[in-house]
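[1] When you get a sec, could you give me coordinates for this:
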Amino acid sequence: MNKFAETLYDSYGQEFRIDELLFESKTEHQQLVIFHNAAFRRVMALDGIVQTTEKDEFIYHEMLTHVPVFAHGNPKNILIVGGGDGGMLREVVKHQTITRITQVEIDGQVIEMCKKYLPGHSQGAFDDPRVNIIIDDGLNFVINTKEKFDIIISDSTDPIGPGKAIFTADFYSACKKCLNQGGILVTQNGVPFMQIDEVKTTAARLAPLFKDCHFYGASVPTYIGGMMAFAWAADDVNLRHTGIDVIRERYKTSRIKTRYYNPEIHFCSFALPQYLLEAIGKTDNEYN
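    Now for the predicted structure:
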């Protein structure tokens, strides 16, 4: 019986039974594997690390999209860095008030294979007329683009291999340059209980650039070890503290359907445990 053993950690990890191997190949940038598992359905892994599964992808994609969109209130132009499986794009296109979406993915083969083997992730979002797909390195794009965005979503791999560049101070600085006034940057930032140094490093690199740097979280079973952290950076401190009644009204008006996200989850997701607050140099969650 074939099995997939994740290689993210040296002394701890998860293992999946491969019930059907759908695709395996070395792309220009990384080793791509897509297989079916009875519990998590279709699973996609890059360089030995699980990136997404059909079972629980909605938690990750909804939280990294709708929290900044509803906190902002009126974003028009969105940049997605990474996100080749199309799940983030699916959630962004739900918002009909967004007029332009640029997605920069370094590995075009990931997009094509996910369209074929994980079509439920994108659900046709790549064909939305508002979407512009660019195959490029995310760091290179944000350094060189002249375009401005209301929200930047970094949906990257872990800071290993191709994903390493978009956890750097250069990347965060270039993102700051690309944001409109009132803009928000959010990034996936690993599982703090297992990857606390990743959180510390990101906080240290974002804090000099933005007036408000914090994290919010959600538990995604695929990403083992506890709560997953999403980095939040903005110059408008009030955006993170947008009242729950305002979020409820924006969510209701949008008429989008979600499976995990709701206004109460949104509001509570910024409440961090004490060990994580200490890691980023804070004593409390800064609620007024």
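[2] Just list what the strand or helix carrying Ile152 packs against, helices and strands only.
    Assigned by DSSP states H and E, Ile152 belongs to strand 149-155. Secondary-structure packing of strand 149-155 (3 or more Cβ pairs under 8 Å, 6 or more residues apart in numbering; DSSP states H and E): helix 57-72, strand 77-82, helix 87-93, helix 169-178, strand 179-188. Placement of C-beta: from N, CA and C, glycine included.
[3] Average pLDDT for the shortest one, rounded please.
    Averaging the model's pLDDT scores along strand 77-82 yields 97.
[4] Please identify the pairing partners of that strand and their relative orientation?
    Strand 77-82 pairs in its sheet with strand 100-105 (parallel), strand 149-155 (parallel), by DSSP bridges.
[5] and among those strands, the most buried is which?
    Burial of those is given as mean neighbour count (mean count of other Cβ atoms under 10 Å); strand 149-155 ranks first at a mean of 26.
[6] Who are the contact partners of the spatially most central residue of the chain?
    In the chain, the C-alpha nearest the mean C-alpha coordinate belongs to Asp155, at 3.5 Å (Cα atoms, centre = their mean). By Cβ atoms under 8 Å, 6 or more residues apart in numbering, Asp155 lies in contact with 64, 80-83, 88, 188.
[7] show me where this structure has strands.
    3-5, 15-17, 20-26, 31-37, 41-46, 49-53, 77-82, 100-105, 131-135, 149-155, 179-188, 212-218, 228-234 (DSSP state E).
[8] Give me the contact list for the last one.
    Spelled out, that is strand 228-234. So strand 228-234 is contacted by 60, 63-64, 67-68, 172, 175-176, 182-192, 199, 202-203, 206, 209-220, 240, 270, 276 (Cβ under 8 Å, 6+ apart).
[9] do you know which of the helices and strands packed on strand 149-155 lies nearest Thr27?
    strand 77-82 (14.2 Å; Cβ to Cβ).
[10] Now do that closest one and strand 131-135, the angle between them.
    Calculated by axes from the mean of the first three to the mean of the last three Cα atoms, to 10 degrees, strand 77-82 forms an angle of 40 degrees with strand 131-135.
[11] Convert the C-alpha atoms of strand 77-82 to PDB, please.
    These are the backbone C-alpha positions of strand 77-82, laid out as PDB (Å, rounded to 0.1, in the frame of the first residue of the first chain):
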ATOM      1  CA  ASN A  77      -8.300  46.000  -6.700                       C
ATOM      2  CA  ILE A  78      -6.900  42.800  -5.200                       C
ATOM      3  CA  LEU A  79      -3.500  41.100  -5.600                       C
ATOM      4  CA  ILE A  80      -3.100  37.400  -4.900                       C
ATOM      5  CA  VAL A  81       0.500  36.200  -4.700                       C
ATOM      6  CA  GLY A  82       0.700  32.400  -5.100                       C
END
